[in-house]
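Enquirer: Dropping a prediction and its sequence here:
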Amino acid sequence: MVLLLAVGGAGWWFMSRADNKQGADSPAYRYQLVERADIISTLEGVGTVQPVNSYTVKALVTGEVLSAPFKEGDMIEAGQLLYQIDAGKAQNSYTISQLNLQDAQADFDKLKVGAPASGQVVKIHCALGDSVNVGSQLIYLRDRNTMQLELPFQIADAEQLQTGQPAEVILESTGQRIAGTIKEIASVEQVSNGVLTHKVTILVANPGSLQEGYWATAEAGGFTAVRSGIFDYSYSEQVLAKCRGDVAEILVQEGAEVRQGQTLLRLTDSSVENTLHRAQIELQNAQAALDDYTITSPIAGTVIEKKFEQGDTIDSNNNASEMAVIYDMRQLEFVMNVDELDIGLMQVGQPVQVVADELQVQEFTVYVSKIIIKGN
């Protein structure tokens with residue numbers, strides 16, 4: 001009891017002195033009820049604001065700057081031309097590589113044997129795996145659907161005929177009449193049966209009964225041929241190999257009808273194929289080397305520094321590797337150091353208030369994007 005009083009007396013004495021003093025200095029007191037709440041810890045630091053993406057444009061070649069259509073402070077887009085450097089020998093190398101590839105491709109294309117015209121496969125002269133040389137017979141083609149007949153007409157009569165004009169063919173053996181069309185009228189004069197004539201070629205759709213070697217005559221425009229002629233197929237040809245190689249694939253069969261340009265068979269030759277592959281790689285390398293003389297911006301941003309102008313010469317003695325510096329100002333980052341005792345209080349995603357020296361009246365709210373694990 002005595003202790004309590006003593007404490008109370010002591011407290012009264014302190015308050016009395018405080019009241020006496022308050023009358024003199026008038027201090028302010030604030031009373032707050034004790035309650036549970038969060039303790040807020042604020043960390044402050046100083047650093048620099050810099051772009052997240054920046055790029056130093058470097059030249060990999062030497063030569064005269066032919067064009068540099070930009071200046072410091074320009075906003076540029078990704079892929080925009082910055083420097084065009086005189087390509088010189090690189091352009092020549094690229095042109096030579098193009099020609100070499102064209103030659104190699106032409107040799108490779110010869111390995112693919114196509115039909116020179118539409119027709120029917122009469123005979124295949126080779127088999128899979130056969131080795132052939134230039135000029136070897138591969139396939140015999142013939143157009144059996146269309147026959148042609150060459151007949152002499154007197155000059156005066158032939159001069160009144162025209163290509164595309166209808167004609168009528170008469171078979172000597174049966175007297176059958178078949179419709180035809182004048183394909184060609186030769187300009188060269190020939191003597192036939194004692195008279196001067198022009199040779200007229202007539203095409204006839206084969207009804208199925210016509211054969212090579214049949215005799216027939218014809219009438220056209222009211223005129224009759226001086227004498228008869230022999231039917232022949234309008235087209236027949238031995239398809240020959242244009243290069244050496246081995247038969248790798250036969251894509252048709254005897255008796256099959258094929259169209260002009262259709263692939264009949266394929267040859268293979270490792271040396272030709274390897275030459276084409278090397279030429280393709282050489283052209284790719286030449287293109288890559290040529291591209292180095294055209295420098296474009298890899299990112300969109302603002303030109304911070306331009307180190308070369310049109311007419312300047314880039315060589316190995318003028319620090320030519322650095323041509324320009326570009327900043328992407330659309331996204332910036334602020335880096336600051338945090339004490340090891342406080343770093344545990346931070347986490348990615350926390351809001352951060354940043355005030356720039358030049359814009360002290362404006363505060364930017366950003367977020368923690370990365371906490372580097374390695375300490376300094």
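Expert: Okay, I see it. Everything quoted here is computed from the prediction, not taken from an experiment.

Enquirer: can you pull out the helices in the stretch 151-300 of the chain?
Expert: In the stretch 151-300 of the chain, the segments counted as helices under DSSP state H, counting those that start in this stretch are 155-158, 270-291.

Enquirer: Looking at those helices, spot the one closest to residue 352.
Expert: Closest to residue 352 of those, according to C-beta to C-beta: helix 270-291, at 42.4 Å. Yep, even glycine has a C-beta here, placed from its N, CA and C like the rest.

Enquirer: before we move on, back to that, which of the helices of the stretch 151-300 of the chain is buried the deepest?
Expert: helix 155-158 (a mean of 17; mean count of other C-beta atoms under 10 Å).

Enquirer: average pLDDT for it?
Expert: Per-residue pLDDT over helix 155-158 has a mean of 94.

Enquirer: I'd say residue 240 and residue 137 touch.
Expert: Yes - look at residue 240 against residue 137 with C-beta atoms under 8 Å: they come within range, at 6.1 Å.

Enquirer: okay if I get the helices of the stretch 151-300 of the chain as TSV plus distance to residue 44?
Expert: Shown next, in TSV, are the helices of the stretch 151-300 of the chain (distance: least, C-beta to C-beta, whole Å):
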stretch	distance to residue 44
helix 155-158	109
helix 270-291	49
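
Enquirer: Now name the helix or strand holding the residue nearest to residue 54 when sequence neighbours are not counted.
Expert: Among residues not flanking residue 54 along the chain, residue 327 sits closest, at 4.9 Å (C-beta to C-beta, 6 or more residues apart in numbering). Using DSSP states H and E, residue 327 falls within strand 322-335.

Enquirer: Partner strands of that strand and their direction?
Expert: Sheet pairing of strand 322-335 (DSSP bridges) gives strand 48-58 (antiparallel), strand 301-306 (antiparallel).

Enquirer: From the contact counts, what lies against the helix or strand just after the last one?
Expert: Using DSSP H and E, the helix or strand that follows strand 301-306 towards the C-terminus is strand 313-314. Of the remaining helices and strands, those touching strand 313-314 by 3 or more C-beta pairs under 8 Å, 6 or more residues apart in numbering; DSSP states H and E are strand 63-67.

Enquirer: Of the strands paired with strand 322-335, give the one that comes closest to residue 267.
Expert: strand 48-58 (48.2 Å).

Enquirer: mean confidence score for that closest one?
Expert: 87.

Enquirer: coming back round to it: the residue nearest to residue 54 - how many residues pack around it?
Expert: Neighbours of residue 327 under the rule other C-beta atoms under 10 Å: 18.

Enquirer: Over to the one 5 residues further on?
Expert: One way to gauge burial is a neighbour count; for residue 332, by other C-beta under 10 Å, it gives 17.

Enquirer: that older thread, so which of the helices of the stretch 151-300 of the chain is nearest residue 85?
Expert: Among those, helix 270-291 sits nearest to residue 85 (C-beta to C-beta), with 10.5 Å.

Enquirer: Residues in contact with the closest one: which ones?
Expert: Helix 270-291 is contacted by residues 87, 90-91, 93-94, 96-98, 100-101, 103-105, 107-108, 110-111, 243, 245 when judged by C-beta atoms under 8 Å, 6 or more residues apart in numbering.

Enquirer: Got a ChimeraX select line for the buried ones in those residues?
Expert: Listed next is the ChimeraX selection for buried residues among the contacts of helix 270-291, using 16 or more other C-beta atoms under 10 Å:
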select :87,90,93,94,97,100,101,104,107,108,110,111,243,245
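
Enquirer: Give me the subset of the contacts of helix 270-291 lying in helices.
Expert: 90-91, 93-94, 96-98, 100-101, 103-105, 107-108 (DSSP state H).

Enquirer: Give me the below-cutoff pLDDT ranges for the stretch 51-200 of the chain.
Expert: For the stretch 51-200 of the chain, no stretch has pLDDT under 70.

Enquirer: Going along the chain, name the strands of it.
Expert: Taking DSSP state E, counting those that start in this stretch as the criterion, the stretch 51-200 of the chain carries its strands at 63-67, 75-76, 81-85, 112-114, 119-124, 131-132, 137-154, 166-171, 177-192, 195-205.

Enquirer: Let's have those strands in TSV, adding distance to residue 227.
Expert: Putting the strands of the stretch 51-200 of the chain into TSV (distance: least, C-beta to C-beta, whole Å) gives the following:
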stretch	distance to residue 227
strand 63-67	75
strand 75-76	83
strand 81-85	74
strand 112-114	39
strand 119-124	29
strand 131-132	43
strand 137-154	6
strand 166-171	13
strand 177-192	6
strand 195-205	9
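
Enquirer: Please convert the ones you listed to a markdown table, extending it with mean neighbour count and distance to residue 345.
Expert: Formatted as a markdown table, the strands of the stretch 51-200 of the chain follow (neighbours: other C-beta atoms under 10 Å; distance: least, C-beta to C-beta, whole Å):
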| stretch | mean neighbour count | distance to residue 345 |
| --- | --- | --- |
| strand 63-67 | 16 | 53 |
| strand 75-76 | 15 | 40 |
| strand 81-85 | 21 | 45 |
| strand 112-114 | 18 | 73 |
| strand 119-124 | 18 | 86 |
| strand 131-132 | 16 | 82 |
| strand 137-154 | 20 | 84 |
| strand 166-171 | 18 | 102 |
| strand 177-192 | 15 | 97 |
| strand 195-205 | 19 | 96 |
